Each structure stands twice: as structure tokens, then as C-alpha cells.
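Visitor: my questions are about this predicted structure, shown below with the sequence.
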Amino acid sequence: MSRTLTITIFLGVVIAIVTALHYYLWARLVRDPGFQSPLRQILAGLLIVPAASLPLSFILGRVLTPGTSRWVTFPIHLWMGIMFLLFVALVAVDGARLLAWIGQRLARGATAPDPQRRVLLARIAAGAVTTGVLGAAAVGVHAALTRVVTRRIEVGLSRLPRPLDGFSIVQLTDLHLGPTLGRDWLQGIVRRVNDLKPDLIAITGDLVDGSVEHLRHTVQPLADLRAPQGTFFVTGNHEYYSGADAWITELKRMGIRVLRNEHIPVGRGEESFDLCGIDDHHAARMLPGHGPDLPRALRGRDTARELVLLAHQPLAIFEAAEHGVGLQLSGHTHGGQIWPMRYLVRLQQPYIAGHVWHGKTQLYVSEGTGFWGPPMRLGTRSEISHIILRGRG
């Protein structure tokens, strides 16, 4: 499937979902409370304008310069998060009302509805939901824009040579540089990574949302990353929306090693392990010649050596476990980013966040260093993952 067709289908689905969601919001926040003109028209307009803007933001973020696009798309992306929270809260209210209605029917039988009481309850619900959501949104924006934590994780690997005990990897993932997060923010992340003095740096995809032409200056601070064993990158799905081949070339120019279905030794002689990287799980659908191929990536490898795999999506864990991977590092999920989105992500990914065992293979799923879409985090955190390998052999 071509990139153009993929994006067209994606936008079509987005428009359909956005239309349905905004109709529901209009019904519960404008129609049911029985607001009269001109307030009714004003509230309807406040829903129609952002509804029309949401699909447009995906295009504007890629054609405008980063500085301009942030001013234009930030309020649109902010509304995306508010819209989701309003939807979740209103569904919860509707669920509670349905249970109350069923309880009344069972207790007293059918009774004639009171129109005035229904309108009053609708207005109370609309006011309470709107107030609560705006408060939650403010908390979420503050968390997303001001807090990137450094999370330290120790991982014991049975085949890791004893001299490499304490080997450190800093993982960055899902930075989504472009419409919201820019060069100044990235410079701060790079300084913090270098202060950790890692042995190796791994960037596990979804680095950008935009073309090399628009974001070359934004991404340039990555060239200042420093680690004795180097900086490595594997593609995420968003690279394929942004011109993966061009970005691979650009990252190589910056001195970042892009691993595409290949493995390399890290260390010297017997005091080393294998590092492997594969393309994004869905890359083959979007660009000819791309796609994960773990068997090819591991061809000719000594299976007695420890193996660390970089794979953007946790979905790779099934094949990783079959091929004796000791540790897989992934991102993609953002930990759900905005609660309760994690439960929807769980329908598509086997693991959402954290350090888990899958059979004899360990997996660490970062919640992401940046964020995508809404500049919000609720119930999750942006992180720099500091992974310490421990030898157990």
C-alpha cells in the first residue's frame, strides 16, 4: 500500500470518527440541556470549528514551518485531548444514568418522564463534566510540557559477560518532534542524556512528525548525543508518514547508526553482546523494501551470545521470544498517554508499559520521551529510560 493511500485512508477514518464524536458532544452538551439562542448557536460553533480543524491539523503540521505550525496546531491538538476527555466523562455519566433508570424501572415500574427534571439534570451533568474535564486537561498539559522523568531500570541477563555488568543504555523513544515539541526542548533532553554518561544510546522510533526539509534544524541537536558505543536508531510507524528513507539518510549524516534488520557486536571480543534492530512492525505496508525481518537480522549469529533487540512496537516480542532475544526495548504505546486510553491500546499491543517477562525474554516498554497529538499526559509520564544491564552468568 502506497504512503499516499495509507494517509488518505487514515484521514478518512479520522474524519468519520471526529464527526461522530462531535455529534455526541453536541447532543449531550448543547441539545439535551435545552439551551436557547443565541447561546445554543455559540456552543454549537465552539464544537464545529475545532471539529473541522482536527483533520486539517495533520496536514498543516507537515507543510508549515515548525515555528508556525506550533502556533497553529497547538490549540487544535489541545482540543483533541479535551474532546477525548469529554467523551469519556459523558459516556460514564450516560452509563450511570442508564443504571439508575434500570433500577427505577425494577423498583417502581414505568413512570412518566418529567421534561423539566430531565433538562435540569442534563444541565447539571454538562456543567459538572465540562468543569471537571477542563481541570483535568490543565493538569495533563502541565505534566506533558514540564516533566520528563529519568527512570532507572536494572535488567539481569544470563548471557551477559561479567565484565559488562553495569553496562548502561539510555533509551529515547516517541519524541514526535515537529508540531508541538521543538529544538529547544530536544536540546534539554540531549543534555540530560549526556549527563547520564551512557555506554550506548538507543532511539526506538517515532522520532519525527514531519519531513527532513521542515525538521532538519529541529532534529540537529541529536548529533550532540555522546556514548562510547554510539547512538542507534530503528524506525517507528511515524517515520513512514514522514519520509522514512530521507530520515534514514539524514540520521546517518548526523552520525547515528540506523539498524535495519541487522545485528552488530557491542564491546570487544568475548566481552561483548549483540545488538539487533528491526524495522517497524507495519513498515512493509507503507514502503517497499521495508518491514521487520528478525530471522534475516540474526542470520549467522552465535546464539551463546547475549542479544538485545531494538523494536519500536511491543508486538515484536512474540518473534523475539522464539529467537532467543534476552531483552527487547520498545516504545510506541506512550503508556496510553491519557487515561483511560491505555485500555484501547491494550487491544492492539500485548504490553503497554514497564519491565515484563515474556517467556524467557525480557521486554521494557517506555512510556515515551515526548507525546503525540494532545499536549497532555494523565496517568502516564514522559521518560528518559536509563537501563542498566547486569550479568548473571
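Guide: On my side now, so go ahead.
Visitor: need the contact list for residue 190.
Guide: Contacts of residue 190 were listed using CB atoms under 8 Å, 6 or more residues apart in numbering, and they are 221, 222, 224, 225. The C-beta positions use only the backbone N, C-alpha and C, and glycine is treated the same way.
Visitor: most neighbours, which of those?
Guide: Neighbour counts for these were taken using other CB atoms under 10 Å; the highest belongs to residue 222, with 25 neighbours.
Visitor: I'd like to know how far it sits from residue 366.
Guide: Between residue 222 and residue 366 the distance is 17 Å, computed by CB to CB, to the nearest Å.
Visitor: by mean pLDDT, point me to the weakest helix or strand of this structure.
Guide: Each helix and strand of the chain was given a mean pLDDT (mean pLDDT, DSSP states H and E); the minimum falls on helix 39-63 at a mean of 79.
Visitor: now for the helix or strand following that helix, which elements pack on it?
Guide: Towards the C-terminus, the helix or strand next in line after helix 39-63, according to DSSP states H and E, is helix 66-108. Packed against helix 66-108, as judged by 3 or more CB pairs under 8 Å, 6 or more residues apart in numbering; DSSP states H and E, are the following elements: helix 3-26, helix 39-63, helix 115-146, helix 212-219.
Visitor: show me what counts as buried in stretch 150-159.
Guide: 151, 153, 155, 157, 159 (16 or more other CB atoms under 10 Å).
Visitor: need the residues you listed in TSV (columns: distance to residue 321).
Guide: Rendered in TSV, the data for those read as follows (distance: CB to CB, whole Å):
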residue	distance to residue 321
151	24
153	19
155	15
157	15
159	15
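Visitor: inside helices: which ones of the residues you listed?
Guide: When the buried residues of stretch 150-159 are checked against helices (DSSP state H), there are no matches.
Visitor: between those residues, which sits nearest residue 173?
Guide: When the buried residues of stretch 150-159 are compared for distance to residue 173 (CB to CB), residue 151 comes out closest, at 12.1 Å.
Visitor: in space, what's closest to that closest one - neighbours in sequence excluded?
Guide: If you skip the residues right next to it in sequence, residue 151 has residue 383 as its closest partner in space, 4.8 Å away by CB to CB, 6 or more residues apart in numbering.
Visitor: double-check that that neighbour belongs to a strand.
Guide: Yes - with DSSP: H, G, I helix; E, B strand; the rest coil as the criterion, residue 383 is located in a strand.
Visitor: my guess is it contacts residue 365. True?
Guide: No - in this structure, residue 383 is not within contact of residue 365 by CB atoms under 8 Å, at 10.7 Å.
Visitor: so between those two, which is more surrounded?
Guide: Counted by other CB under 10 Å, residue 383 and residue 365 do not tie: residue 365 has more neighbours, with 27 against 22.
Visitor: am I right that that one is in contact with residue 350?
Guide: No - contact between residue 365 and residue 350 fails when scored by CB under 8 Å: they sit 9.5 Å apart.
Visitor: residues shared between the contacts of these two?
Guide: Each of residue 314 lies in contact with both residue 365 and residue 350 under the rule CB under 8 Å, 6+ apart.
Visitor: and stretch 141-152, C-alpha only, in PDB?
Guide: Taking only C-alpha atoms (Å, rounded to 0.1, in the frame of the first residue of the first chain), the coordinates of stretch 141-152 have been written out as PDB:
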ATOM      1  CA  VAL A 141      -0.900  19.900  29.900                       C
ATOM      2  CA  HIS A 142       1.300  20.800  32.800                       C
ATOM      3  CA  ALA A 143       2.600  17.300  33.100                       C
ATOM      4  CA  ALA A 144       3.300  16.900  29.400                       C
ATOM      5  CA  LEU A 145       5.100  20.200  28.900                       C
ATOM      6  CA  THR A 146       7.100  20.400  32.200                       C
ATOM      7  CA  ARG A 147       8.000  16.900  33.400                       C
ATOM      8  CA  VAL A 148      10.300  14.300  31.700                       C
ATOM      9  CA  VAL A 149      11.500  11.900  34.400                       C
ATOM     10  CA  THR A 150      14.600   9.700  34.200                       C
ATOM     11  CA  ARG A 151      13.600   6.200  35.000                       C
ATOM     12  CA  ARG A 152      16.400   3.700  36.000                       C
END
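Visitor: how about it, which residues are buried there?
Guide: Taking 16+ other CB under 10 Å as the basis for neighbour counts, the residues of stretch 141-152 that come out buried are 141, 143, 144, 145, 148, 151.
Visitor: ok, the third one - contacts?
Guide: In this case it means residue 144. Neighbour list for residue 144: 371, 374, 375, 376, 377, 382 [criterion: CB under 8 Å, 6+ apart].
Visitor: what is the burial count for the fourth one?
Guide: Going back to what we said before, that points to residue 376. Using other CB under 10 Å: residue 376 sits among 26 other residues.
Visitor: could I get the phi/psi values of it?
Guide: Dihedral angles of residue 376 (phi, psi; degrees, to the nearest 10) stand at phi -140, psi 150.
Visitor: please name the nearest non-neighbouring residue to it.
Guide: For residue 376, ignoring the flanking residues on the chain, the nearest one in space by CB to CB, 6+ apart is residue 140 at 3.3 Å.
Visitor: against residue 188, how distant is that neighbour?
Guide: Taken as CB to CB, the spacing of residue 140 relative to residue 188 amounts to 20 Å.
Visitor: thanks again, I'm all set now.
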